[in-house]
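J.: take this sequence and fold it.
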Amino acid sequence: MGTIGKNKRVIVIGGGASGLAAGISAARQGAEVTVLEHMDRVGKKLLSTGNGRCNLSNLVMEAGCFHCSQEGFPMKVLRQFGVEETLDFFSGIGIEAKGKNGYLYPRPEQASAVVDMLRLELARLGVKVFTRCEVGQLRRQPKSGFVAVTGQGGFAGDALILSAGSRAAPSTGSDGSGYRLAKGFGHRVIAPLPALVQLRCEGKHFKRLAGVRCEAKVTLVSGGKALAEDTGEVQMTDYGISGIPTFQVSRFASIALAGQKPVKAILDFLPAKTWEETEGFLQMRAKRLAHLTCGDFLTGVLHKKLAGVLLSLSHVNPEETVAQVGPSAFKRLAGQIKSFEAPVTGTNPFEQAQVCCGGVDTREIDPFTMESRLVRGLYLAGEILDVDGMCGGYNLQWAWSTGYIAGSCAGKR
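T.: Purely as a prediction, here's the structure:
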């Protein structure tokens, strides 16, 4: 692939997390590296991760934290370059990490610090970075090597790393253009869909609930089958539901809806109690607080706006006293608290999604090198692949791992 006596030339398409890791690792192998980024600066999406704090990774790294159409693929990659190697990598460029309940952040909790140190390491290694550089076409040379055709001219390389991101958050640079480039080399792209995203739900009561934050378990159901569930702080919006539990299950809603299947979210607002415990709790509370109006009955248990909606759906008159209401009313109320149904009509668009599910089919990628099985010398890394992780640093870990492996392998003579 490279000419004897000369450094190997590596082109990296995309200056996001995986592309920056790839550029550094390729340069450390002695390669001449060029990074082409179509935004005005590299690492733009990285700046928004972890609400600007940059959730680098997570101490819990298990197969169930990742989703991929090829079972086992993510862990084959992560076993080579995992959390320990990632922390060593960042320590080596000057970023020290700290943990919060297993979540790993840079010590100053600034994503900008991570981007700055990555850029400084690229500069130290002599990596050439071209911004506002749109790649219109990638060509395979007849004998060996690649050419990237851009508005700033052509760039030639012996190896090519495609780390152009997904379609999530296009304002940060992930506009899906990498899929077109991958297809140009014959790769299959599984239809990308929004993931880690809010869910839009049917129901006029959501306007009343807008702004409510509460602990709940969110269970997605389709065709009578539970697709996924997660528990934590749910945020009610005027169009549906948000918050981390919603994000964690959203990919399954995207896939089911894309397949024209009906989906509903079932919310449990007292997830620590069983149905029987909830009903018993309400009955005991009714005896103790019989003097209250029903409108005040759940005050101190649930958010007042949420309580009002649940009472309405249970056909309980908020003006009546608790003593005037029969046991059947509390049974209905328990049902609404434990099983609040919200038919899902869609997800928010790619603009609000943190990542995508879908992407380049991993069956066409070698998990030990990230090299294409179809085109020698072509490597793929990061979100462009059909792998998406949970909230909590998993998608960034995927970017570091795939980027570093791809760069290290592409940069070797």
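J.: now do the longest strand seen in the chain: which elements does it pack against?
T.: Assignment by DSSP state E gives strand 225-236 as the longest strand of the chain. Where contact means 3 or more Cβ pairs under 8 Å, 6 or more residues apart in numbering; DSSP states H and E, strand 225-236 is packed against strand 213-222, strand 240-242, helix 244-258. Every C-beta, even on glycine, is put in place using the N, C-alpha and C of the backbone.
J.: centre of the chain to the helix ranked longest in the chain, how far?
T.: What stands out as the longest helix in the chain, according to DSSP state H, is helix 394-411. When C-alpha coordinates are averaged (Cα atoms, centre = their mean, to the nearest Å), helix 394-411 and its chain have centres 17 Å apart.
J.: and that helix, what other elements does it pack with?
T.: Under the contact rule (3+ Cβ pairs under 8 Å, 6+ apart), helix 394-411 is packed against strand 9-13, helix 17-28, strand 57-58, helix 73-78, helix 83-92, strand 159-162, strand 378-380, strand 387-389.
J.: that older thread, between the helices and strands packed on strand 225-236, which one is closest to residue 62.
T.: Evaluated over those, closeness to residue 62 peaks at helix 244-258, with 14.3 Å, by Cβ to Cβ.
J.: neighbours of residue 57, just the number please.
T.: Number of residues near residue 57 (other Cβ atoms under 10 Å) recorded here: 26.
J.: cool, residue 331 as well?
T.: Residues near residue 331, counting by other Cβ under 10 Å: 14.
J.: that one - nearest residue in space that isn't next to it in sequence?
T.: The spatially closest residue to residue 331, leaving aside those adjacent along the chain, is residue 279, at 6.1 Å (Cβ to Cβ, 6 or more residues apart in numbering).
J.: equivalent analysis for residue 178, please.
T.: residue 164 (2.8 Å).
J.: what sits against that neighbour?
T.: 13, 14, 19, 135, 174, 177, 178, 181, 384 (Cβ atoms under 8 Å, 6 or more residues apart in numbering).
J.: over to residue 167?
T.: Applying Cβ under 8 Å, 6+ apart, the residues contacting residue 167 are 174, 175, 176, 179, 192, 350, 353, 356.
J.: and if we set it to 7 Å?
T.: 174, 175, 176, 192, 350, 356 (Cβ atoms under 7 Å, 6 or more residues apart in numbering).
J.: check which residues of stretch 165-185 are buried.
T.: Neighbour counts using 16 or more other Cβ atoms under 10 Å place 165-170, 172-179, 181-182, 185 of stretch 165-185 among the buried residues.
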